[in-house]
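1. Just need the structure, nothing else, for what follows:
(one chain, ligands or ions: 2)
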Amino acid sequence: MLLGCIGDDFTGSSDLGNTLTKSGMRTVQYVGVPDIPALPDVEAGVVALKSRSIPARDAIDLSLKALDWLLAQGCEQILFKYCSTFDSTPAGNIGPVAEALADALSARKVLVCPAFPATGRTIYQGHLFVGDRLLSESGMENHPLTPMTDPDLRRWLARQTKGTVGHLPASAIWGGADSADARLTEEDGKGHRLIVADAVRDDDLLVLGRIADGLPLITGGSGIALGLPENFRARGLLAGNASDWRGQTGKVAALSGSCSNATRAQVALHRETNPAREVTAEAVMAGAVNAAELADWALAQDGIPLIYSSADPDVVRAAQDKFGTDAVAGRLEALFADTASALVAGGVTRLISAGGETSGAVVEALAPDAMQIGPEIDPGVPAMRAGENLVLALKSGNFGAEDFFSKAAWRLEADA
Ligand SMILES: Nc1ncnc2c1ncn2[C@@H]1O[C@H](COP(=O)(O)OP(=O)(O)O)[C@@H](O)[C@H]1O
Ligand SMILES: O=C(O)[C@@H](O)C(=O)COP(=O)(O)O
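-> Ligands and ions are numbered 1, 2, ... in the order given. Predicted coordinates for the structure are as follows:
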């Protein structure tokens, strides 16, 4: 294993796996920290954790455990993957985990770059944009768990860290790798260890990839990985056969606990022509729905049945005010996890899950050892094989075209 990755959620980890596979690295996603060694042909390993929205101390402990395992597999470089919308709170977990990993690796010049231009996430003058809106006006300010109310990454990150935060501006990156590297060294000289890097197009990420060659620790969204495989390829270290995918026929079902704008539009379109069943927070908290019954309903449907709790921000806020944010999230995630298990036990072979926390709960319940990354469904979302007869699509909240659910069902079925 050459590149060791620690993902702070499961959809995000599959997004990273997608980028690395497309760029030619043989990549496997692990469900939590494995307790056995990786297979010898794995070139990039992504340890997926559900550590984005847990207490910072727990996120640090889990991430350091993942780091130990990855180093034991021989990794030369570590990538800490978080969300392209920098999902975090003033308490963490991006800053505390990045600093803990940097301490453990004695790393300096740690890039912080969540940019993912293919999905509209760009960084300019240290500010994160989603499309043509600042992060804090993009809908992410209403996220149920990590409302993003400040688009200045330097300021937001500084609230989470012990050390100061530097900046690698676009002007230095547009001058090419030498200019970017010189500026990175300058920021390091000023004592900044975590350095927010601007990036507005893939070419900028490729420059960052070049200056990241040899750095022990990099952090960012999946975009920051774009240029990394080339560094290993240039040294003749890649075998050149990143994926051998086969599709999976059989029963399909979709689950959605994401309340993000894109998912709500996908749910709205999907339910026009497919069986769909809403699960409200009220019903879950009252114990009025259960996983076995939901799964039975889905298994009896034709088409691509969808079970969803996706709701508008005011509905979500009202439920959180009434029951408590963590309580609602915990009960919903547990319900989706149990429903996923019942669906697979009932014969579902293609499962689609929307939402990072939701997918984390679902995959932890299904507990595959490792997941093979297959072809891309939409930018940032790959098809994945999780067992002999089970394939999955884990969709990040804001990713995917409006017809994502039907597109995913088809892509999971088709051979490469
Ligand atoms: N109707 C709802 N009311 C309150 N919270 C909800 C509702 N539906 C989902 N949630 C919670 O909101 C969170 C959504 O996060 P996640 O699954 O990561 O989606 P995304 O990828 O869009 O961020 C989950 O913890 C989920 O359980
Ligand atoms: O970087 C991204 O945007 C995604 O890979 C990701 O992490 C999204 O997280 P969720 O929206 O919580 O699924």
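
2. For the strand of greatest length in the chain, which helices and strands make contact with it?
-> Longest strand in the chain, counting residues (DSSP state E): strand 370-378. For strand 370-378, the helices and strands in contact under the criterion 3 or more Cβ pairs under 8 Å, 6 or more residues apart in numbering; DSSP states H and E are helix 10-22, strand 27-31, strand 381-387, strand 390-395, helix 404-413. Yep, even glycine has a C-beta here, placed from its N, CA and C like the rest.

3. how about 7 Å then?
-> helix 10-22, strand 27-31, strand 381-387, helix 404-413 (3 or more Cβ pairs under 7 Å, 6 or more residues apart in numbering; DSSP states H and E).

4. for these, which one ends up most surrounded?
-> Most buried of the helices and strands packed on strand 370-378, by mean neighbour count (mean count of other Cβ atoms under 10 Å): helix 10-22, with a mean of 28.

5. Give me the residues contacting it.
-> Contacts to helix 10-22, defined as Cβ atoms under 7 Å, 6 or more residues apart in numbering, come from residues 5, 7, 27, 29, 44, 46, 48, 50, 81-83, 222, 225-226, 229, 242-243, 356, 359-360, 363, 373, 376, 380-382, 384, 394-396.

6. does ligand 2 sit close to that helix?
-> Yes. Applying Cβ under 6 Å from any ligand atom, one finds that helix 10-22 is in contact with ligand 2 at 11, 12, 15.

7. Just give me the closest of those residues to ligand 1.
-> Nearest to ligand 1 among these, counting by Cβ to the nearest ligand atom, is residue 11 at 6.2 Å.

8. Quick one, grab the pLDDT at the closest one.
-> Predicted confidence (pLDDT) for residue 11: 94.

9. So it versus residue 305, what's the distance?
-> 21 Å (Cβ to Cβ, to the nearest Å).

10. again, but for residue 172
-> Residue 172 is 51 Å from residue 305, by Cβ to Cβ.

11. Between those two, which has more neighbouring residues?
-> residue 305 (25 against 21; other Cβ atoms under 10 Å).

12. looking at it, the more buried one is touching residue 299, isn't it?
-> No. If you go by Cβ atoms under 7 Å, residue 305 and residue 299 don't touch, sitting 8.1 Å apart.

13. Which residues does the biggest helix by length in the chain contact?
-> In the chain, with assignment by DSSP state H, the single longest helix is helix 325-345. Residues external to helix 325-345 that are found in contact with it (Cβ under 7 Å, 6+ apart): 144-145, 253, 255, 257, 279, 281, 284-285, 289, 291-292, 294-295, 298, 307, 309, 319-320, 351, 357-358, 361-362, 364-366, 390.

14. Could I get the residues of helix 10-22 next to ligand 2 in JSON lines, plus columns for distance to ligand 1?
-> Listed next are the residues of helix 10-22 next to ligand 2 as JSON lines, based on distance: Cβ to the nearest ligand atom, whole Å:
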{"residue": "11", "distance to ligand 1": "6"}
{"residue": "12", "distance to ligand 1": "9"}
{"residue": "15", "distance to ligand 1": "11"}
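
15. All good on my end, thank you.
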